[in-house]
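S.K.: coordinates for the following, if possible.
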Amino acid sequence: MNHVLMPKATAVWLIENTALTFDQVSEFCGLHPLEVQSIADDETAIGMVGFDPIANGQLTKEEIDRCQADPSAKLQMAEANVPRPSTRTKGPRYTPVAKRQDKPDAIAWLVKNFPELSDGQIGRLIGTTKPTIVAVRDRTHWNMNNIKPRDPVALGLVDRDDLSAAIDKARRLVENAEKRAAKEAAKAAVAEAEAAGEASPATVAEPAPDAMETATAPFAEHIPPMAPEPEAAGESAQPGSDNPFAALGDLPRSDS
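M.R.: Okay, here's the model as predicted:
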């Protein structure tokens, strides 16, 4: 349960205007029962003006009547009908007027030492605009001759923890981008290799003659020699040849 506003003054009002028990008042106001009893006995909070919880929307008349009828019941704080203020979004970092002239120096230091930081990150860290960051980065700032890179933490423009967190985040983004680029390049190389393989299929290479001779060399001694081709008809065989009928051509013919 939420705490009531001005608990002692509220307890004074409840004691004076209701028949609630000390335990009920003490539990609703967040006080000890003996403290509530001392308020009722005028031992403490003497002369204190009571604070009406009904007029301030902390209690309702029906809730008080319910708890007066049942001493064991507990008071329930009424729901506030007052509209809650809208949550303000986090805007740009406020920089005192005396330190605003140091922003270009801080931008130059970040651009020089941490080029992985984006313009948006630098703008959120220092509380400046993107055109100013671009002008310092491109060295087109109107006061570029007087800008000297200086640590923004030392200047009091950035907290060290915020700067470290931004640098770590920027480095992670760069590493992830490099990994994605490497994967895409590998995929493209595989796709090109597959396309080249489909366009010109590999042909079976014919074995070289030397390779054939080397392969049949162990079996050369087992191959029988080829027989000589027979001589042409009408030519007599030379003496000493292996033909058994070669000598018949040299015998004398008998006249009949």
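S.K.: the host helix or strand of T132 - contacts with which helices or strands?
M.R.: Counting by DSSP states H and E, the element that carries T132 is helix 130-137. Here helix 130-137 touches helix 103-113, helix 119-126, going by 3 or more Cβ pairs under 8 Å, 6 or more residues apart in numbering; DSSP states H and E. Quick note: C-beta positions are derived from backbone N, CA and C, even for glycine.
S.K.: quick one: contacts of it?
M.R.: For helix 130-137, the surrounding residues in contact (Cβ atoms under 8 Å, 6 or more residues apart in numbering) are 103-104, 107-108, 111, 119-120, 122-123, 141-142, 144, 147.
S.K.: break the chain into its domains for me.
M.R.: 7-69, 94-195 (automatic domain parsing).
S.K.: of those domains, flag the one that's most buried.
M.R.: Stretch with highest mean neighbour count among the domains of the chain: domain 7-69 (a mean of 17; mean count of other Cβ atoms under 10 Å).
S.K.: measure that one end to end?
M.R.: This stretch, domain 7-69, spans 23 Å end to end (Cα to Cα, to the nearest Å).
S.K.: also stretch 123-137?
M.R.: First-to-last residue span, stretch 123-137, Cα to Cα: 13 Å.
S.K.: so how far is that stretch from its chain's centroid?
M.R.: 25 Å (Cα atoms, centre = their mean, to the nearest Å).
S.K.: do the same with stretch 55-64
M.R.: 52 Å.
S.K.: quick one: what helix or strand has P149 in it?
M.R.: Using DSSP H and E, P149 is not contained in any helix or strand.
S.K.: give the contact list for it.
M.R.: Counting by Cβ under 8 Å, 6+ apart, P149 touches 105, 108-109, 112-113.
S.K.: against T132, how distant is it?
M.R.: Using Cβ to Cβ, to the nearest Å, P149 is found at 15 Å from T132.
S.K.: what number of residues lie near K74?
M.R.: Under the neighbour criterion other Cβ atoms under 10 Å, K74 is assigned a count of 12.
S.K.: that one: what secondary structure?
M.R.: Under DSSP: H, G, I helix; E, B strand; the rest coil, the three-state class of K74 is coil.
S.K.: that one contacts F28, doesn't it?
M.R.: Yes - the criterion here is Cβ atoms under 8 Å, and K74 meets it with F28 at 7.5 Å.
S.K.: need the helices and strands packed on helix 130-137 in TSV with distance to L155 and mean pLDDT, can you?
M.R.: Shown next, in TSV, are the helices and strands packed on helix 130-137 (distance: least, Cβ to Cβ, whole Å; pLDDT from 0 to 100):
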stretch	distance to L155	mean pLDDT
helix 103-113	6	94
helix 119-126	9	91
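S.K.: do you know which of those helices lies nearest D41?
M.R.: When the helices and strands packed on helix 130-137 are compared by Cβ to Cβ, helix 119-126 sits nearest D41, at 60.1 Å.
S.K.: for the closest one, which outside residues touch it?
M.R.: With Cβ under 8 Å, 6+ apart as the test, helix 119-126 has contacts from 92-93, 95, 103, 106-107, 110-111, 128-130, 133-134, 137, 152, 157-158, 162-163, 166, 169-170.
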